[in-house]
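S.K.: Sequence and predicted model, in that order:
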Amino acid sequence: MSAHVDLITGKIYGCKKYSREWWHEKGHIEYNKLEISGTLRVWQGIFLWVWMVFITLTFIERSLLGIAIPFVIGYIIIEFFEEAWCNDYAKKHFKKRR
């Protein structure tokens, strides 16, 4: 079982408390409190829907794939940003506890 967090309850599962993984999951809780996280979540949702529509339309017209690709990349960039932010949070807080 891998570590994960329930953002509604704030409970972290699948890892030892205060481990690096625990701090990473705690980072997701803190990240979701940031003002920018809501904005990025909205953009990520928009990118996902546009991407899905254009990927579906590529079955009709192949040239539409070029429109879908930037939205896929945007979605992935936002996902990586959140994970990098949480990794940085974990790195800072895990060091403090040692």
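M.R.: Looks like it came in fine.

S.K.: Which strands or helices does the longest helix that the chain contains pack on?
M.R.: Of all the segments of type helix in the chain, defined by DSSP state H, the longest one is helix 65-97. Judged by 3 or more CB pairs under 8 Å, 6 or more residues apart in numbering; DSSP states H and E, the packing partners of helix 65-97 are helix 20-31, helix 35-57. C-betas here are computed from N, CA, C, even on glycine.

S.K.: Check the gap between residue 56 and residue 43 for me.
M.R.: When CB to CB, to the nearest Å is the yardstick, residue 56 and residue 43 sit 20 Å from each other.

S.K.: who's more crowded, the two?
M.R.: Set side by side, residue 56 and residue 43 show unequal neighbour counts under other CB atoms under 10 Å, the larger going to residue 43 at 14 against 11.

S.K.: Can you tell me the closest non-neighbouring residue to the more buried one?
M.R.: Computed as CB to CB, 6 or more residues apart in numbering, the closest residue to residue 43 that is not its neighbour in sequence is residue 78, at 6.5 Å.
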